[in-house]
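1. starting from these lines, generate the structure:
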Amino acid sequence: MIAMLLAQRNILSKLTFAEVPEVLKAEVKQVLVESEMAFLAILNVRTGAIFFLEELIT
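-> This next block holds a predicted model:
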């Protein structure tokens with residue numbers, strides 16, 4: 001439930017994936033993947049910096 005909320009905030013650019021608590025990153029990433037927005041899990045839209053996650057690269 002919280003993962004869905006954080007994923008939605010990420011989609012709306014209210015929160016970056018880097019700001020998601022480590023404990024919830026896997027769940028938030030899964031919600032983003034299911035929403036066809038997986039790119040948000042590697043892109044920090046506020047700063048433009050790219051965060052590479054090993055799981056998405058492989």
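
2. next one, pLDDT for residue 25 please.
-> pLDDT for residue 25: 89.

3. same thing with residue 54?
-> 45.

4. so who does residue 7 touch?
-> 28, 31-32, 35, 37 (CB atoms under 8 Å, 6 or more residues apart in numbering). Quick note: C-beta positions are derived from backbone N, CA and C, even for glycine.

5. so how do I select the buried members of these in ChimeraX?
-> Applied in ChimeraX, the following selects the buried portion of the contacts of residue 7 according to 16 or more other CB atoms under 10 Å:
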select :28,31,32
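
6. redo the contacts of residue 7 as JSON lines? Include distance to residue 22.
-> Listed next are the contacts of residue 7 as JSON lines, based on distance: CB to CB, whole Å:
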{"residue": "28", "distance to residue 22": "11"}
{"residue": "31", "distance to residue 22": "16"}
{"residue": "32", "distance to residue 22": "16"}
{"residue": "35", "distance to residue 22": "21"}
{"residue": "37", "distance to residue 22": "20"}
